[in-house]
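>>> Everything below, folded, please.
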Amino acid sequence: MTSGPVAERGLIARQWVIGLMLFGGYAACYFGRANFSVAMPLLVEELRRQGMAADEAVVRLGGIYSLGVLAYALGKMLLGGLGDVWGGRRSFLLALGGAAVFTLAFTLGGGLPLFTLAWVGNRLTQSVGWAGLIKVTGRWFDFRTHGTVIAVLSVSYLVGDALARQSMGALLAHGANWQTLFRFAALVLGGMFLLNFALLRESRTELGYAPAHSNPTNLYADTASAASSVRLKDLLGPLWRSRAFKLVCLLSFGCTVVREAFNVWMPVFLKESAGYDAASAATFSAVFPAVGAVSVLLTGWAGDRLGVNGRPTLLFCGLAATAMTLLALMAFEPARIGQPATVALIGLVAFCLLGPYSYLGGAFALDFGGARAGALASGLIDGIGYLGGTLAGSGVAHLAVAYGWRGVFMGLAAVATASAMAAGGLYATQKRVGRSSGVGS
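Predicted coordinates:
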């Protein structure tokens, strides 16, 4: 194995390259997701031109979005663990390449069948991307740096989302149609696929460096050096016997409902209720991921400094504050408080929610799964979360049509409140585990 100061500097340089490839690649994936949300008002108009009523178009497009989220959830649960079998690099490249192809396919027609097929294919192939990223991270970085590294990598999807919405808003302001938005997203995805194909490597041992160290308390610490072959069914047992893991999955379900509702419907809400035009609604919807990026970095830093119960504590506080902010959005209509205050409340939801949310499928996944089952743990946590995210499409559409946006925010506040209670349960569980193992808080 390569060793010494020169080798250490070489390893750090390679880690920077790997980190940049993972960051840029996953940010690009969000160009292939934000496009649907940004183009939603234009897609509604497209279907209206084909003779469909506006309310029906909203519900049908919400249904397509939900099908895509369902495919994403099932893909994470059933395919995410493949990163533990065939390697995280392959999963990551499949996510980028598949998303590029299906995003381009979305532009080949203007009807619901092709919209549905292309969107479901896009989300299904993207479903293996984050688990692949987690797997590669675990093989390149020691566990003592996982909190910081994953916090930075978690910012990638928020930066990607914000950049996508800003750039697509600019394209709309210059007269672009919805097809142009999807082609632009496919170009970004294809470019990052080529860069990752050339530069991303599975593990630092491929270049002669010592293997990365896993968290010694992971659920597989006693079996990490067992048989070289990996069978997914052998990895499932320790996860499902862990009460803390099941609580994290429940938290992922609730948090993803709220997050996805904002991701897909904010341009429509800002256009219909706050009086923005389509281009401005797309641009101002970027406040959600942009503020969320700041929250992820701050909570990642704070969680490392609050001890073993830091993450559950921040989850509880963040989700309780999210619920209160959602109630404020329900109580104060944009016509009453004005556009800037409405956008500020959306940013506050992002700040309270997205930082703690980033723990779930990242740092917690590696804490539970270690180097042996990190991809599987991440896939299950995120997959169960996105099962909840399916409610953000057709569920929110039906609520909005039946009860207006006040009904939507009331429903989301109830979900956030239940999630805060689950975070309290996670705190109590982690506290008991800490006491029994002699680890201080």
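>>> Return the helix or strand in this protein with minimum mean pLDDT.
helix 232-240 (a mean of 71; mean pLDDT, DSSP states H and E).
>>> next structured bit after that one?
Going down the chain from helix 232-240, the next helix or strand is helix 243-272, by DSSP states H and E.
>>> so what secondary structure elements neighbour that following helix?
Applying 3 or more Cβ pairs under 8 Å, 6 or more residues apart in numbering; DSSP states H and E, one finds that helix 243-272 makes contact with helix 31-49, helix 54-79, helix 278-284, helix 287-305, helix 310-331, helix 339-357, helix 363-389, helix 394-437. Every C-beta, even on glycine, is put in place using the N, C-alpha and C of the backbone.
>>> centroid residue for the protein?
Residue closest to the average C-alpha location in the chain (Cα atoms, centre = their mean): Tyr157, at 6.5 Å.
>>> just checking, that residue touches Ala27?
Yes. Between Tyr157 and Ala27 a contact is recorded at 6.7 Å, counting by Cβ atoms under 8 Å.
>>> hmm, back to that, any idea what sits nearest the residue nearest to the centre of the chain, other than its immediate chain neighbours?
Tyr30 (5.3 Å; Cβ to Cβ, 6 or more residues apart in numbering).
>>> Enumerate every residue touching that neighbour.
Tyr157, Gly160, Asp161, Ala164, Pro289 (Cβ atoms under 8 Å, 6 or more residues apart in numbering).
>>> where does this protein have low pLDDT?
Applying pLDDT under 70 to the chain flags residues 1-7, 110, 147, 214-234, 304, 307-308, 370-372, 433-441.
>>> excluding its backbone neighbours, what's nearest Leu199?
Leu199 sits nearest to Met21 (Cβ to Cβ, 6+ apart), 5.3 Å away.
>>> actually Leu124, not the one I wrote
Ala71 is the one closest to Leu124 (Cβ to Cβ, 6+ apart), at 4.4 Å.
>>> Give me the neighbour count for the one you found.
21 (other Cβ atoms under 10 Å).
>>> Ala335 too?
11.
>>> so how far does stretch 269-287 reach from one end to the other?
This stretch, stretch 269-287, spans 14 Å end to end (Cα to Cα, to the nearest Å).
>>> Make 31 the first number, not 1, from now on.
That works, and once the first residue is 31, the last one we named lands at stretch 299-317.
>>> Now do the buried residues in that stretch.
299-304, 306, 308-317 (16 or more other Cβ atoms under 10 Å).
>>> residues making contact with the helix or strand hosting Gly49?
If you go by DSSP H and E, Gly49 is part of helix 35-59. Helix 35-59 is touched from outside by 32, 122, 125-126, 129, 156, 159-160, 163, 166-167, 170-171, 179, 182-183, 185-187, 189-190, 193, 218-219, 221-223, 225-226, 229-231, 234, 237, 239, with contacts defined as Cβ under 8 Å, 6+ apart.
>>> Distance from that helix to the middle of the chain?
Here helix 35-59 is found 21 Å from its chain centre; the criterion is Cα atoms, centre = their mean, to the nearest Å.
>>> mind listing what's buried in it?
Under 16+ other Cβ under 10 Å, the buried positions of helix 35-59 are 41, 44-45, 48-49, 51-59.
>>> Ok, stretch 346-359 next?
Phe346, Gly348, Leu349, Ala350, Ala351, Thr352, Ala353, Thr355, Leu356, Leu357, Leu359.
>>> How many neighbouring residues does the nearest residue to the first one once chain neighbours are set aside have?
Leaving aside its chain neighbours, Phe346 sits nearest to Ala453 (4.0 Å; criterion: Cβ to Cβ, 6+ apart). A count of nearby residues for Ala453, using other Cβ under 10 Å, gives 27.
>>> Which residues lie in contact with Ala453 in this structure?
Contacts of Ala453 by Cβ under 8 Å, 6+ apart are Leu281, Pro342, Leu345, Phe346, Leu349, Pro386.
>>> do the same with Pro386
Contacts of Pro386 by Cβ under 8 Å, 6+ apart are Cys285, Thr329, Arg341, Leu344, Leu345, Cys347, Gly348, Leu349, Ala453.
>>> Look up how far Cys285 lies from the residue nearest to Phe346.
9 Å (Cβ to Cβ, to the nearest Å).
>>> which secondary structure element contains Arg153?
helix 142-156.
>>> check contacts around Leu336.
Leu336 touches Thr343, Leu344, counting by Cβ under 8 Å, 6+ apart.
>>> switch to 7 Å and redo it
Shown in contact with Leu336 (Cβ atoms under 7 Å, 6 or more residues apart in numbering): Thr343.
>>> what number of residues lie near Gly81?
Gly81 has 6 nearby residues by other Cβ under 10 Å.
>>> Now do the same contact list for it.
Contacts of Gly81 by Cβ under 7 Å, 6+ apart: none found.
>>> so how far is Ala395 from it?
Note on Gly81: its distance to Ala395, by Cβ to Cβ, is 46 Å.
>>> so who does Ser233 touch?
Ser233 neighbours (Cβ under 7 Å, 6+ apart): Arg169, Trp170.
>>> likewise Val218?
So Val218 contacts Ala58, Phe61 (Cβ under 7 Å, 6+ apart).
>>> what about the helices in the stretch 131-280 of the chain?
Along the stretch 131-280 of the chain, counting by DSSP state H, counting those that start in this stretch, helices occupy 142-156, 159-170, 176-203, 208-229, 262-270, 273-302.
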